[in-house]
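Asker: Starting from these lines, generate the structure:
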Amino acid sequence: MDSLTQAVLGAALQGTVLGRIQGRRSLFYGAALATLPDLDVLIRYADPVSQMTFHRGFSHSLFVLTGLALLMAWTVAWLGQRYWPHKGYRWPRLFLAFWLVLVTHPLLDAFTVYGTQLLWPLQPTPQSWAAVFIIDPVYTVPLLLAVLYAAFKGLQGRAVGVLSLALAFSTVYLGFGLAGRMAAEQRFSQALAQQGIVASEVRAVPMAFNSLVWRMLAKTPDGDYYEGVSSLFDREPPEMLRQPRNLEAGKVLTSVPLHERLRWFTGDWLRYDVVGDALVVTDLRMGVPGNYSFRFQMAQRDAAGQWQVIQPRGWIGGGAASLFDGAKLSLIWRRILDQQPPLPLAAWASQSLGHAAEAGR
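Answerer: Numbering: from 1, shown residues only. The predicted model follows:
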């Protein structure tokens, strides 16, 4: 999630657990501590694939953060007994506060689609529960208002109750997102089955800034995939678009370590496009058809027509800016309540990827 959301979540948690001891300072301490895991972005890597796949790694590990919470709780309890005995700092309460603030950061990240390595140094596919978009005002604003109220009123009155209520709402909202994702996947699976389409894997991803309209992905056994859109309020089958993953083109990258790492990180939701003399690898999980957040050139064709693996570099059309296309956002938000006209998936894919796509059957 975005840094503001992580900060207000940490502030609300520490304010709830330690507010009566630390007062307003608990909000500041919690906000600062909650952003600590994201300091791994300061580590610079040689290529964008490494930058993407090592983010949310060791600093988001539940093992590492639990150990850090233990150390911090012991240190603060020792200092409290020595210098501030009247404050009432006790190790169990300190550990609960620090642990909640730290581990809810990666857990909240895991509710997005990006991928979070909760069990580092173990190496299962990073957790990508895709229940909320990376920025969701419905989740963030209640927490922000509760923290501002506590900062204004202090933590000795009803502010702790307000913080607790905001935390409860935010938790329920995550559950709502998970339920919405599962329902969207079921609707898409049924729509595919009604058309006789066999899908080997189906997943849903929330579209921009909401948990009501979902972008659907389905792999087929023959190496293609379907991309569709489904809203909570739909009464008709979702629109869908069949596109190739071009797995044959991707064989150039077989056994290339960074390519294998990218496959692991994304759960192999990748497609490959030959654009001129470049081989472009796209993470299909984030974005909209033809406009994806993470695209990398990973091979170049030489003068003799042979493919040469290169150090990955970002490809035009990727990056966070792809999430903020105003014209597309207005159509996506309209799509929440109205299926007609359907989103122009084929036009988007053709325009951005440079070739016509085959409409879903």
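
Asker: where's V288 relative to R242, distance?
Answerer: V288 sits 16 Å away from R242, going by C-beta to C-beta, to the nearest Å. (C-beta placed from N, C-alpha, C; glycine too.)

Asker: any low-confidence regions in the chain?
Answerer: 317-324, 351-361 (pLDDT under 70).

Asker: Please enumerate the strands of it.
Answerer: 201-206, 213-219, 224-231, 239-244, 270-275, 278-288, 291-301, 307-314, 358-359 (DSSP state E).

Asker: who does the fourth one touch, helix- and strand-wise?
Answerer: Judged by 3 or more C-beta pairs under 8 Å, 6 or more residues apart in numbering; DSSP states H and E, strand 239-244 is in contact with helix 159-194, strand 224-231, helix 345-353, strand 358-359.

Asker: Out of the ones you listed, which is the most enclosed?
Answerer: strand 224-231 (a mean of 22; mean count of other C-beta atoms under 10 Å).

Asker: Show residues contacting that one.
Answerer: 184, 187-188, 191-192, 197, 199, 204, 207, 212-220, 238-245, 271, 284, 289, 335-337, 339, 342-343, 345, 349, 360 (C-beta atoms under 8 Å, 6 or more residues apart in numbering).

Asker: what about 7 Å?
Answerer: Defining contact as C-beta atoms under 7 Å, 6 or more residues apart in numbering, one finds that strand 224-231 is touched by 184, 187-188, 192, 197, 212-219, 238-245, 289, 335-336, 343, 345, 360.

Asker: Buried ones among those?
Answerer: 184, 187-188, 192, 197, 212-219, 238-245, 289, 335, 343, 345, 360 (16 or more other C-beta atoms under 10 Å).

Asker: re the thing from before, with distance to G30 as added columns, please give the strands of the chain in a markdown table.
Answerer: Formatted as a markdown table, these follow (distance: least, C-beta to C-beta, whole Å):
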| stretch | distance to G30 |
| --- | --- |
| strand 201-206 | 27 |
| strand 213-219 | 32 |
| strand 224-231 | 36 |
| strand 239-244 | 44 |
| strand 270-275 | 38 |
| strand 278-288 | 29 |
| strand 291-301 | 30 |
| strand 307-314 | 35 |
| strand 358-359 | 50 |
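
Asker: Any idea which of these gets closest to L4?
Answerer: strand 201-206 (18.2 Å; C-beta to C-beta).

Asker: What angle do helix 159-194 and that closest one make with each other?
Answerer: 140 degrees (axes from the mean of the first three to the mean of the last three C-alpha atoms, to 10 degrees).

Asker: Buried residues in strand 201-206, which are they?
Answerer: Those would be 202-206, for strand 201-206 by 16+ other C-beta under 10 Å.

Asker: Stretch 275-285 too?
Answerer: Buried-residue list, stretch 275-285, by 16+ other C-beta under 10 Å: 279-285.

Asker: Next: stretch 266-276.
Answerer: Neighbour counts over stretch 266-276 (16+ other C-beta under 10 Å) mark 266-267, 269-274 as buried.

Asker: Near K251, how many other residues are there?
Answerer: 9 (other C-beta atoms under 10 Å).

Asker: And it, how far from F265?
Answerer: Where F265 is concerned, K251 sits at a distance of 20 Å (C-beta to C-beta).

Asker: swap in K328?
Answerer: Relative to F265, K328 is positioned 26 Å away (C-beta to C-beta).

Asker: more neighbours, those two?
Answerer: Taking other C-beta under 10 Å, K328 and F265 do not tie; F265 has more neighbours (25 against 21).

Asker: From A299, how far out is the closest residue to the more buried one other than its chain neighbours?
Answerer: Nearest non-adjacent residue to F265, counting by C-beta to C-beta, 6 or more residues apart in numbering: T53, 4.3 Å away. Distance, T53 to A299, using C-beta to C-beta: 18 Å.

Asker: cool, and W74?
Answerer: Taking C-beta to C-beta, one finds W74 at 51 Å from A299.

Asker: Who has more neighbours out of the two?
Answerer: Set W74 next to A299 and count neighbours by other C-beta under 10 Å: A299 wins out with 23 against 13.

Asker: Kindly state the beta-bridge partners for the more buried one.
Answerer: Beta-bridge pairing for A299 (DSSP bridges): L279, V309.

Asker: got the contact list for it?
Answerer: Contacts of A299 by C-beta under 7 Å, 6+ apart are 252-253, 279, 307-310.

Asker: before we move on, what about P206?
Answerer: P206 makes contact with 130, 132-133, 177, 214, according to C-beta under 7 Å, 6+ apart.

Asker: And Y173, by the same measure?
Answerer: 138-139.

Asker: Give me the nearest residue to D47, chain neighbours excluded.
Answerer: P312 (4.6 Å).

Asker: just W74 next, same as before
Answerer: W74's closest residue in space is W91 (C-beta to C-beta, 6+ apart), at 6.6 Å.

Asker: Does the one you found touch A73 like I think?
Answerer: Yes: under the criterion of C-beta atoms under 7 Å, W91 makes contact with A73 at 5.5 Å.
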